[in-house]
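Peer 1: I'd like to go over a predicted model; first the sequence, then the structure.
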Amino acid sequence: MKQYLFIFTQTHLDFRIPEFSSLCQLFGIPDKSGEICKDDVLCTIELEPNHVAQLLSRAISIKSVYEIILQGSDYGDICEQLKISSEKFRVFDSENQSWALRIRPYGLKHDISQTNEMIDELVELLPLNKASVNLSNPSIEFSLIEDFSQNRNQKPVATYFGRFIGEGHRSWISKFSLKSRKYIGNSTMDPELALIQANLVMARPGAIVLDPFCGTGGLILPASHFGATTVGTEINYQIARAEGVSARMGEGKLTANQSVLANFEQYGIADKFLGILIADASRHSLWRYGENGIFDAITTDPPYGVREKGRKVGNKKRKPHWTLPGSAHEQHYPEKQVYGITQVFLDLLNLAAKVLVISGRIAFWYPVVRNE
Amino acid sequence: MGNSNLKEFVDFNHKKKKSVEFNDVFVKRMVPKIDYPVLVQAAKSVGEGNDLPTELPPDWENNEEFLKNLHELLMSVEIIDGELECPESGRKFMIREGIPNMLANEDEVEES
């Protein structure tokens, strides 16, 4: 095991620990999420190298990871340690290695002249003779990482000299950007949160994942991106069939190449999409559930009755101009009644109890009013 | 409705086949979840699954040819336009543009 420095992203802090913990469980590696402090950007964790690679292969909340070579109180301390640490650098000092050096202060900016001075000094001190410098494509990227996140403009909390290992998958957030997605709705989930949610439910190859309020598929898309086979239900036939006016301002009517399936095709994951059904999430007899469950996970964002109306099938007060009685019409879509938020969540948990496999996961959003 | 063991027959006007890469893990995980004889029966009603035995073969887990045929049925065949019929109640559920409408009508649901 080695000491690693994890640098987390500054968005959605509440999901840092749950995502890390879920990924540990997904890969069957020791759960070190207890060592992460919710409010700290930097965090040192002892892990096996291959476990770090596994975490990085899926993480959205991890910005980058460094293997810690030296750890000290401040820059001066690191310089002193470098003078007596040639043993620790022997493994990096061979002809077929090349290296670069970066200064990465967190919570403070150095001016360029100061950064250059530090680089000059560190390069002098680095006990490397055989390995060459390569700034554009080095095999080893050394970094001096200063943690000023607690005491701005004063002393750093800690300073590390490390080797860059890798980055999390922030790039997937732009891949799934709603701006470029073919078909979106009024309340399609933000792609970063949708990706994190797919991690929370441990979406993976072989898993079958359901979104009972799937809308345009914003939550099952990242689950399929992670290899899960997904299915969604949606009560609103216009949304399910991508009919009517686009949610994008000024786009007008939806066209034939906009649909939930088209979204899966856009990201090259149509083979992981089982399809959608027009169905009422409050009616669980749609699913043939037995003792062992069907779905490995449910990932969903139920309607709160604010931006999206909660609806289920049922009679409502008839208006006089509704002359055609219910099922008389071949292509009839039934009347719907208000589906109160409390009942929505009770039914959702009931559904989960019926259709999830043992130790299957459910992740859903719940609206709260925060008095801040 | 309310039958947790709904068995479907499928009728179709238009179906589509797409090529999907064989996924061994997925199909093995699906087998215990499906009512295999009903699936085959439904498949045959739309002219598919003719390579599949009516009962699940005992060696299914290691029978690669069987798993490939089953995978193709599950993932490659799509009914674009047709209907699902419940053999017990005779209630039909329309499939349009590949999306089944499984909604019960307002006069079929119990008041809540």
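Peer 2: Cool, the structure landed.
Peer 1: hey, let's count contacts and neighbours off CA atoms from now on
Peer 2: Fine.
Peer 1: in the helix or strand hosting residue A:26, what counts as buried?
Peer 2: Assigned by DSSP states H and E, residue A:26 belongs to helix A:16-27. By 16 or more other C-alpha atoms under 10 Å in any protein chain shown, the buried positions in helix A:16-27 come out as A:16, A:17, A:18, A:19, A:20, A:21, A:22, A:23, A:24, A:26.
Peer 1: so can I have JSON lines of these showing pLDDT and distance to residue A:344?
Peer 2: Formatted as JSON lines, the buried residues of helix A:16-27 follow (pLDDT from 0 to 100; distance: C-alpha to C-alpha, whole Å):
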{"residue": "A:16", "pLDDT": "94", "distance to residue A:344": "28"}
{"residue": "A:17", "pLDDT": "96", "distance to residue A:344": "28"}
{"residue": "A:18", "pLDDT": "97", "distance to residue A:344": "24"}
{"residue": "A:19", "pLDDT": "97", "distance to residue A:344": "25"}
{"residue": "A:20", "pLDDT": "97", "distance to residue A:344": "29"}
{"residue": "A:21", "pLDDT": "98", "distance to residue A:344": "28"}
{"residue": "A:22", "pLDDT": "98", "distance to residue A:344": "26"}
{"residue": "A:23", "pLDDT": "98", "distance to residue A:344": "29"}
{"residue": "A:24", "pLDDT": "98", "distance to residue A:344": "31"}
{"residue": "A:26", "pLDDT": "98", "distance to residue A:344": "29"}
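Peer 1: next, count neighbours for residue B:73.
Peer 2: By the other C-alpha atoms under 10 Å in any protein chain shown criterion, the neighbourhood of residue B:73 contains 20 residues.
Peer 1: tell me the one of the buried residues of helix A:16-27 nearest chain B?
Peer 2: Comparing the buried residues of helix A:16-27 against chain B with C-alpha to the nearest C-alpha places residue A:26 closest, at 16.2 Å.
Peer 1: the closest one reaches residue A:202, doesn't it?
Peer 2: Yes: the pair residue A:26 / residue A:202 is scored as a contact, 5.8 Å apart, by C-alpha atoms under 8 Å.
Peer 1: next SSE after the helix holding residue A:26?
Peer 2: Trace forward from helix A:16-27 with DSSP H and E and the next one is strand A:42-47.
Peer 1: list the contacts of that following strand.
Peer 2: A:1-8, A:32, A:35-37, A:147 (C-alpha atoms under 8 Å, 6 or more residues apart in numbering or on different chains).
Peer 1: do a quick rundown of the strands in chain B.
Peer 2: B:9-17, B:77-85, B:92-96, B:99-100 (DSSP state E).
Peer 1: quick one on the thing from earlier: out of the contacts of strand A:42-47, who's the most crowded?
Peer 2: residue A:147 (25 neighbours).
Peer 1: which residues touch the residue nearest to the spatial centre of chain A?
Peer 2: Centroid-nearest residue in chain A: residue A:196, 2.4 Å away (criterion: C-alpha atoms, centre = their mean). Contact analysis of residue A:196 by C-alpha under 8 Å, 6+ apart lists A:15, A:19, A:59, A:60, A:61.
Peer 1: next structured bit after the host helix or strand of it?
Peer 2: Here residue A:196, judged by DSSP H and E, is contained in helix A:191-200. Using DSSP H and E, the next helix or strand after helix A:191-200 towards the C-terminus is strand A:208-211.
Peer 1: contacting residues around that following strand?
Peer 2: Counting by C-alpha under 8 Å, 6+ apart, A:203, A:219-220, A:223, A:228-233, A:294-300 sit against strand A:208-211.
Peer 1: with only the CA atoms kept, save it in CSV.
Peer 2: Taking Å, rounded to 0.1, in the frame of the first residue of the first chain, the C-alpha atoms of strand A:208-211 are listed here in CSV:
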residue,chain,number,x,y,z
ILE,A,208,-30.3,-4.1,-14.8
VAL,A,209,-31.4,-0.7,-13.8
LEU,A,210,-34.9,0.9,-13.7
ASP,A,211,-36.0,4.5,-13.7
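Peer 1: just after that strand, pick out the following helix or strand.
Peer 2: Using DSSP H and E, the next helix or strand after strand A:208-211 towards the C-terminus is helix A:220-225.
Peer 1: close to chain B, is that next one?
Peer 2: No: Helix A:220-225 lies apart from chain B when judged by C-alpha under 8 Å from any C-alpha of the partner chain; the minimum separation is 12.4 Å.
Peer 1: okay, now the sheet partners of the next helix or strand after that helix, with direction.
Peer 2: Later in the chain than helix A:220-225, the nearest helix or strand by DSSP H and E is strand A:229-234. If you go by DSSP bridges, strand A:229-234 pairs up with strand A:208-211 (parallel), strand A:273-278 (parallel).
Peer 1: so which of those strands is the most packed in?
Peer 2: strand A:208-211 (a mean of 28; mean count of other C-alpha atoms under 10 Å in any protein chain shown).
Peer 1: on that earlier part again, who touches both of residue A:26 and residue A:202?
Peer 2: By C-alpha under 8 Å, 6+ apart, no residue touches both residue A:26 and residue A:202.
Peer 1: give me the low-pLDDT residue ranges for chain B?
Peer 2: B:1-12, B:111-112 (pLDDT under 70).
Peer 1: could you see whether chain A lies near the lengthiest helix in chain B?
Peer 2: The helix spanning the most residues in chain B, taking DSSP state H as the definition, is helix B:64-76. Yes: applying C-alpha under 8 Å from any C-alpha, one finds helix B:64-76 touching chain A at residue B:75.
Peer 1: give me the contact list for that helix.
Peer 2: Residues contacting helix B:64-76 (C-alpha under 8 Å, 6+ apart): A:271, A:274, B:16-20, B:22-24, B:27-28, B:43, B:48-49, B:51-52, B:60-61.
Peer 1: mind doing that once more with 6 Å?
Peer 2: Helix B:64-76 has contacts (C-alpha atoms under 6 Å, 6 or more residues apart in numbering or on different chains) with B:17, B:18, B:19, B:27.
Peer 1: what's the last one in contact with, if anything?
Peer 2: Counting by C-alpha under 6 Å, 6+ apart, residue B:27 makes contact with residue B:71.
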